[in-house]
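Student: Test case, fold it:
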Amino acid sequence: MKATSDVIVVGGGPTGSFTALNIAKHGANVMVFEEHEKIGFPSHCAGHLSLKGLKNLGLYPLPTKIVENIFYGAKFHSPKGKSFSIRFSQPVTCVVNRTLFDNYIARIAEENGVHYCLNSQVESLIIENFFVKGVKVKQNGKVEREFLSKIVVDAEGISSRILKQAALASSNPHMFVNGVEAEVENIKDIEHDMVEVFLGKKYAPGFYAWLIPKRNGKAKIGLATKTGNPKELLQRLMVKHPIASKKLRATRILRLAYHPLTLGGPIPKTFSNGFLAVGDVASQVKPTTGGGVIFGMTCSRIAAEVISEALQRNEFSEEKLSLYQKRFMEILGFDMNVMLRIRKMLNAIPDNKLESIISFCVKIDLDKVLRKFEDLDFQGKALIRTLRYPSMWATMIYLTMFCSSEISIGRY
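Tutor: Residues are numbered from 1 along each chain as shown. Predicted coordinates for the structure are as follows:
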């Protein structure tokens, strides 16, 4: 006998669980299939999240044990060691234990009636008459079993295996970077309430490296790169960077993980008959920082609204479900577009120019302008607000001097 539910969610990460939670709050029957034996394992993400984003989602304050530290700003370092800092008057971000965070969201979902099936690998979609009708699942390595539903939500992460079965295009392969994340101990000379960012192609071509202190004397370090071996580049950062090496040369790596990131902005179509995609699989990720938790969960809530409306009408065509993409692009589209252009601009700056750019930012006291705006998620709208200040215009014009001609202020 085939098991049935209103909605099936593929993936028990925070995006999948938050989608399931919000659907269940509307009274629907929801099942989540997670391929791993435990929620939150393995952990690939640093878990650096904006406080405002969490508050907007109704998730802050978090339980104390989940939050590993809070931060008032960030320090940016050039390849040769020039630095620029932005410190806000109030905390703006936190770093969470991703395993505990993921479990927290899943536990709330379960309390609202969501049913979780762990160690359950979704092998394929069930498609009838061009409509997704459910999934085929291998549980605990045993024979496939069919589960039927009215809608399937794909929150599988970046792999896109299920997405392709729905005949939807995956993320732009030219905008992928490969990341490495490590937890270390014995770090030195750090400000415990500031995140540190290391720029430049020498250490992280196509992205950046980071150092995120924890309260227990340990830290999360990592980078992502468009080319080269992430582990070798991380080792180079720890040993050769003029600032990072002083902090990290004597550290001991406790844990190491690898993960790809998609920086190309949302995929062109996230819906089909009886099917929606949310989170990393839909590339709902900030092109500037690679952060996908807040944006993915924001889209989760929108997906839940559209699904609940579809269930009430008993209409699951892609025409009806297209409201999901329309609504999340109304909220995120402008910021995604601006952040994508910023990413291309940053990628176009050669290392030897980063020194003068950072010196210029310090010289004109750009931090005084940036401190007025604490929205770290919706960066496009925040950027527009800063353009009332002459120093911000000066910075943008200065940056374009070092970038390709196709990226211009006028297009913002």
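
Student: quick one: the helices in the stretch 201-350 of the chain?
Tutor: Using DSSP state H, counting those that start in this stretch, the helices found in the stretch 201-350 of the chain span residues 230-240, 244-248, 293-313, 318-321, 323-348.

Student: Would you tell me which one of those is buried the most?
Tutor: When you average the neighbours per residue for each of those (mean count of other Cβ atoms under 10 Å), helix 293-313 leads with a mean of 22. To be clear about C-beta, it is placed using only N, CA and C from the backbone, and glycine gets the same treatment.

Student: who touches the closest residue to N347 other than its chain neighbours in this structure?
Tutor: Beyond its immediate neighbours in the sequence, the residue positioned closest to N347 (Cβ to Cβ, 6 or more residues apart in numbering) is G206, lying 5.8 Å away. With contacts defined as Cβ atoms under 8 Å, 6 or more residues apart in numbering, the neighbours of G206 are 177, 224-227, 347.

Student: For ChimeraX, what selects the buried ones among the residues you listed?
Tutor: Here is the ChimeraX command that selects the buried residues among the contacts of G206 (16 or more other Cβ atoms under 10 Å):
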select :177,224,225,226,347
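
Student: now, which of the contacts of G206 lie within strands?
Tutor: The strands in this structure, assigned by DSSP state E, contain 177, 224-225 from the contacts of G206.

Student: Please tabulate the residues you listed in CSV and include distance to G53 and pLDDT as additional columns.
Tutor: Formatted as CSV, the entries for these read as follows, by distance: Cβ to Cβ, whole Å; pLDDT from 0 to 100:
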residue, distance to G53, pLDDT
V177, 22, 97
A224, 20, 97
T225, 26, 98
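
Student: which residues sit in contact with the residue nearest to the spatial centre of the chain?
Tutor: Nearest to the geometric centre of the chain sits G292, at 1.5 Å (Cα atoms, centre = their mean). Remark: with contacts taken as Cβ under 8 Å, 6+ apart, G292 is in contact with 15, 261, 279-280, 284-286.

Student: again, only using 6 Å
Tutor: With contact set as Cβ atoms under 6 Å, 6 or more residues apart in numbering, G292 has these partners: 280, 285.

Student: Could you list which residues are in contact with the nearest residue to L256 once chain neighbours are set aside?
Tutor: In space, and not counting its chain neighbours, L256 is closest to A182: 5.0 Å by Cβ to Cβ, 6+ apart. With contacts taken as Cβ under 6 Å, 6+ apart, A182 has the following neighbours: 221, 253, 256.

Student: at 10 Å what do you get?
Tutor: Residues in contact with A182 (Cβ atoms under 10 Å, 6 or more residues apart in numbering) are 46, 219-223, 231, 234, 238, 248, 251, 253-257.

Student: And the residues you listed, which of them are buried?
Tutor: When burial is judged by neighbour count using 16+ other Cβ under 10 Å, the buried members of the contacts of A182 are 46, 219-223, 234, 238, 248, 251.

Student: Just want the angle from whatever helix or strand I358 lives in to helix 323-348.
Tutor: Of the helices and strands defined by DSSP states H and E, I358 is found in helix 351-363. For helix 351-363 against helix 323-348, the angle by axes from the mean of the first three to the mean of the last three Cα atoms, to 10 degrees is 100 degrees.

Student: then helix 351-363 to CSV, C-alphas only?
Tutor: Extracted C-alpha coordinates of helix 351-363, given in CSV (Å, rounded to 0.1, in the frame of the first residue of the first chain):
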residue,chain,number,x,y,z
ASP,A,351,45.2,41.7,-6.2
ASN,A,352,47.6,44.6,-6.7
LYS,A,353,44.7,47.0,-6.7
LEU,A,354,43.1,45.8,-3.6
GLU,A,355,45.8,47.5,-1.5
SER,A,356,45.0,50.9,-2.9
ILE,A,357,41.2,50.3,-2.7
ILE,A,358,41.4,49.4,1.0
SER,A,359,43.6,52.3,1.7
PHE,A,360,41.1,54.6,-0.1
CYS,A,361,38.2,53.2,2.0
VAL,A,362,40.2,54.0,5.2
LYS,A,363,41.2,57.4,4.0
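
Student: residues making contact with the particular helix or strand that has K52 in it?
Tutor: Assessed by DSSP H and E, K52 sits inside helix 51-56. With contacts defined as Cβ under 10 Å, 6+ apart, helix 51-56 is touched by 50, 59-62, 67, 70-71, 90-94, 96, 101, 291, 293-295, 297-298, 301, 374-378.

Student: Off-centre distance for that helix?
Tutor: 14 Å (Cα atoms, centre = their mean, to the nearest Å).

Student: before we move on, what about stretch 232-241?
Tutor: Relative to its chain's centre, stretch 232-241 lies at 24 Å (Cα atoms, centre = their mean).

Student: Same check on stretch 143-150?
Tutor: 30 Å.

Student: tell me what the helix or strand encompassing F18 is packed against?
Tutor: Per DSSP H and E, F18 falls inside helix 14-24. Taking 3 or more Cβ pairs under 10 Å, 6 or more residues apart in numbering; DSSP states H and E as the contact definition, the neighbouring helices and strands of helix 14-24 are strand 3-10, strand 30-33, helix 98-111, strand 115-117, strand 144-154, helix 293-313.

Student: Could you chop this protein up by domain?
Tutor: By the assignment in automatic domain parsing, the chain contains the domains 3-37+118-172+267-321, 69-95+173-262, 348-411.

Student: you'd agree the residue nearest to L256 is in a strand?
Tutor: Yes - looking at A182 with DSSP: H, G, I helix; E, B strand; the rest coil, it is inside a strand.

Student: ok, now how distant is it from L237?
Tutor: 11 Å (Cβ to Cβ, to the nearest Å).

Student: Common neighbours of the two, please.
Tutor: 221-223, 248.

Student: Show me which of those is closest to N186.
Tutor: The shortest separation between N186 and any of the shared contacts of A182 and L237 is 8.8 Å, and it belongs to L248 (by Cβ to Cβ).

Student: nearest residue to the closest one other than its sequence neighbours?
Tutor: If the residues on either side of it in the chain are set aside, L248 comes closest to M238, at 4.2 Å by Cβ to Cβ, 6+ apart.
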